[in-house]
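Peer 1: The following block contains a protein sequence and its predicted model.
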Amino acid sequence: MAEISGILERIVYINEENSYLVARIQEKGKSDLTTIIGNISAQPGESLKLYGKWINSKKYGIQFSVEKYESLVPASTTGIEKYLGSGLIKGIGKKYASRIVGRFGGGTLDVIEHEPEKLLEVDGIGEVRLDKIKKAWDQQKEIKKVVIFLQEHGVSTTYAVKIFKTYGNDAITIVAENPYRLAADVYGIGFKTADKIAQNMGVSRDSIMRAEEGAAYVLSELAGNGHVFYPAQNLIEAAVEILEIDGEIIKKAIRSLSEHERIIIDGDDVYLSPFYYAETGVADRLALLMAGPKRNINIDIDKAISWVEEKNRIQLADLQKEAIRKSVVEKVMVITGNPGCGKSTLVKSIIDILEKKGLRILLAAPTGRAAQRLSELAGMEAKTIHRLLEFKKMKFQRNQDNPLDADLVVVDEASMIDIILMNNLLKAVPPCASLILVGDVDQLPSVGPGNVFKDIINSGVVPVVSLTEIFRQARNSMIVVNANRINKGERPILKNSNNQDCYFIEEENPEQVAAQIVSLVSRRLPEHFHVDPVRDIQVLCPMHRGIIGVGSLNIALQQALNPEGSITVSRGGSAFRLGDKIMQMRNNYDLDVFNGDIGIISSIDQEDNVVIVEFDGRFVEYDFSDLDEISLAYACSVHKSQGSEYPVVVIPVHTQHYIMLQRNLIYTALTRARKVAVFVGTRKAIAIAVSNDKVADRFSRLKERLAG
């Protein structure tokens, strides 16, 4: 095995999933940089000893393929400065690295290790920064132990910092006892990585522990696809395929998981326990709520309707008046309808009337933007469901023991609510209160498991008002007209002389589709409609991959709207710049930001290794090690846009997206546009999407449980 040493100069490419790296190192005594490839977790400036072999790539030339490596203490002052300035030690960026090495030279690392108080001699370092440096230095030593431990088992160590942040000094002990815990506890580490660690640690491929964790992993992945449960036989077959072990071992594992109550077996259905209790809980709590007492409201409903029409200068349709009457007498009701059918007008009218009668009303929605929109509509505060239920320390503080102080709870964008969140919401609604769920049943279902809104409607046990008539003023919007046409399976009207808000640009070549989108977002739409290209325009893609997928378009739009030159922080394969539009990719309850939240990077501190992101006026601090939780958001998937509206929406629609071309997807994308929508692509792709009304089935028993 060959051996080389050098300082890591720069990272050319990294695959975040497996930490496969292409980088350049400076070997001692060589003028040219050496290209290295392999699974490596290191930052520019680190001094490395690498073991592997030389290969000659026809495309890339001579490279050193790394099989294992060690991180060394840098010897030269240049190496020390690069090491300290690499972002590894919080509190020391490039500026302070230069000052510290300028003061202490080759003895810098000894000073930090044994006499850190001497750092106070460096201009700009006070007690606060010194304390931060000392803590970061001690933490870095512990992290290195975790890195070395993982290296010994032949695994990528990209997530060593996250593992350490999750488990602290117990990291090695916990991973050694049960490496599969990583998949559940550490964001970014999936079952496959944990399984690789386990097998390198000697866990047998057909061990019962591996089979249990594998079966639980399969159920978790299926929940990610929307399933609340999975048929037992299908689960066994899926687990056998992934784990490559005998089905009898899987059956034993399922029995063991059931005995330990990690899963619930209900007939032939297998649930992860939280989903079983959530599904049965939703059914039970809705039934209890509907059967509970209701506050008596002394009201002349006809007079109230006339009053609200005069107050808001509107003329309510018959169905809207029926819904208002139901809101007074029903404990639970659903309001659904397509764009332009008057859901917003109806909701405001109900709130105005019942607030006037003295009812305590609480408003909520699944996302921040949806809550903000509801608040603007109603003229009173609306919260996200998590904030309404006071989610703290991984628990909802509002529940059956501490219910909401309300006579009426109104929840908008209810089609986004998954089975877990709905169960927690219903726990907190007091028995004497009423609940109104508002949403568009034809949109995409929730990202999380279940088809809750549709199941409640289809159960037949909850009163439903379905608004169908498009109001006259809404007919002037081609966004509204085309959304309703798409929903009926009719092709949208793509050429209309009076068309002022819904456009179609025909382009067959995917590269040209991408070029058109960049031109539209960066120049043409802002100039024509006087909108901000970053804050007001959103590109919504059916898919993540491909030249007109989320990933590629984000890179192209970043370069057009926020080119290199601003302050940049690179983590793995992602580069974030000051002013970038980003999206939170998971619920982070510690930071109080949630999956799908969009913000703008307002500052990057390369001394303290933090990025500050502004979310609608609220500033959130991210450590550099947490940047894998965010992604660029100039473009995002249609699924991620649920519950949000944007002034201008641009939608690539091409046969390259064939697998995702569905009616409810294109309908959801179009209805995110508040003022302008632009399709870019082919008529054929739009026709395919409109004609495809097949919705992937989700395994759920909520409808039957409600009806039963």
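Peer 2: Everything's here; your move.
Peer 1: those strands in the stretch 51-200 of the chain, which residues are they?
Peer 2: Assigned by DSSP state E, counting those that start in this stretch, the stretch 51-200 of the chain shows strands spanning 61-72.
Peer 1: Low-confidence stretches in it?
Peer 2: Within the stretch 51-200 of the chain, the stretches with pLDDT under 70 are 73-75, 86-88, 147-148, 151-159, 161.
Peer 1: all helices for it, in order.
Peer 2: Applying DSSP state H, counting those that start in this stretch to the stretch 51-200 of the chain gives helices spanning 77-84, 94-104, 108-114, 127-152, 160-167, 171-177, 181-185, 191-200.
Peer 1: Tabulate the CA atom coordinates of the shortest one in CSV.
Peer 2: It refers to helix 181-185. Only the C-alpha atoms of helix 181-185 are listed here, as CSV (Å, rounded to 0.1, in the frame of the first residue of the first chain):
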residue,chain,number,x,y,z
ARG,A,181,-29.3,4.2,16.8
LEU,A,182,-27.5,6.6,14.4
ALA,A,183,-30.2,6.2,11.8
ALA,A,184,-32.9,7.4,14.2
ASP,A,185,-30.9,9.9,16.1
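Peer 1: on that earlier part again, could you export the helices of the stretch 51-200 of the chain as TSV, including distance to Ile457?
Peer 2: In this view, the C-beta of every residue, glycine as well, is placed from N, C-alpha and C. Output for these, formatted as TSV (distance: least, C-beta to C-beta, whole Å):
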stretch	distance to Ile457
helix 77-84	60
helix 94-104	58
helix 108-114	63
helix 127-152	49
helix 160-167	40
helix 171-177	45
helix 181-185	34
helix 191-200	35
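Peer 1: okay if I get those as a markdown table plus mean neighbour count?
Peer 2: Compiled in a markdown table, the helices of the stretch 51-200 of the chain are given as follows (neighbours: other C-beta atoms under 10 Å):
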| stretch | mean neighbour count |
| --- | --- |
| helix 77-84 | 21 |
| helix 94-104 | 18 |
| helix 108-114 | 16 |
| helix 127-152 | 16 |
| helix 160-167 | 20 |
| helix 171-177 | 16 |
| helix 181-185 | 18 |
| helix 191-200 | 20 |
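Peer 1: out of these, nearest to Glu322?
Peer 2: Closest to Glu322 of the helices of the stretch 51-200 of the chain, according to C-beta to C-beta: helix 181-185, at 47.8 Å.
Peer 1: so what does that closest one touch, helix or strand wise?
Peer 2: For helix 181-185, the elements it packs on are helix 160-167, helix 171-177, helix 191-200, judged by 3 or more C-beta pairs under 8 Å, 6 or more residues apart in numbering; DSSP states H and E.
Peer 1: Which of those helices sits closest to Ser522?
Peer 2: Closest to Ser522 of those is helix 160-167 (C-beta to C-beta; 35.1 Å).
Peer 1: roughly how far is that closest one from the heart of the chain?
Peer 2: Centre-to-centre, helix 160-167 and its host chain are 21 Å apart (C-alpha atoms, centre = their mean, to the nearest Å).
Peer 1: Just want the angle from the longest strand seen in the chain to helix 77-84.
Peer 2: Of all segments of type strand in the chain, defined using DSSP state E, the longest is strand 2-15. Strand 2-15 runs at 40 degrees relative to helix 77-84, counting by axes from the mean of the first three to the mean of the last three C-alpha atoms, to 10 degrees.
Peer 1: Would you work out how far apart the start and end of stretch 351-361 are?
Peer 2: Stretch 351-361 stretches 8 Å from its first residue to its last (C-alpha to C-alpha, to the nearest Å).
Peer 1: Nearest approach to Lys694 belongs to which of the helices of the stretch 51-200 of the chain?
Peer 2: The minimum distance between Lys694 and these falls on helix 191-200, with 29.6 Å, by C-beta to C-beta.
Peer 1: and the closest residue in space to Arg103 that isn't next to it in sequence, what is it in contact with?
Peer 2: Spatial nearest neighbour of Arg103, chain neighbours left out: Val122 (5.3 Å); criterion: C-beta to C-beta, 6 or more residues apart in numbering. If you count contacts by C-beta atoms under 8 Å, 6 or more residues apart in numbering, Val122 has them with Tyr96, Arg99, Ile100, Arg103.
Peer 1: residues touching the second one, list them.
Peer 2: The contact partners of Arg99, by C-beta under 8 Å, 6+ apart, come to Val122, Asp123, Gly124, Ile125.
Peer 1: Which among those residues count as buried?
Peer 2: Val122, Ile125 (16 or more other C-beta atoms under 10 Å).
Peer 1: Rebuild the contacts of Arg99 as CSV, extending it with distance to Glu614.
Peer 2: As requested, those are exported to CSV (distance: C-beta to C-beta, whole Å):
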residue, distance to Glu614
Val122, 32
Asp123, 32
Gly124, 27
Ile125, 29
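Peer 1: Tell me the one among the contacts of Arg99 nearest to Arg313.
Peer 2: Nearest to Arg313, judged by C-beta to C-beta, of the contacts of Arg99 is Gly124 at 62.2 Å.
Peer 1: outside of stretch 373-383, which residues touch it?
Peer 2: With contact meaning C-beta under 8 Å, 6+ apart, stretch 373-383 is reached by 344, 347-348, 351, 355, 361-365, 371-372, 410, 412, 645.
Peer 1: let's go with 7 Å and repeat that
Peer 2: Contact with stretch 373-383 is made by Ser344, Val347, Lys348, Ile351, Leu363, Ala364, Ala365, Ala371, Asp412, Glu645, as judged by C-beta atoms under 7 Å, 6 or more residues apart in numbering.
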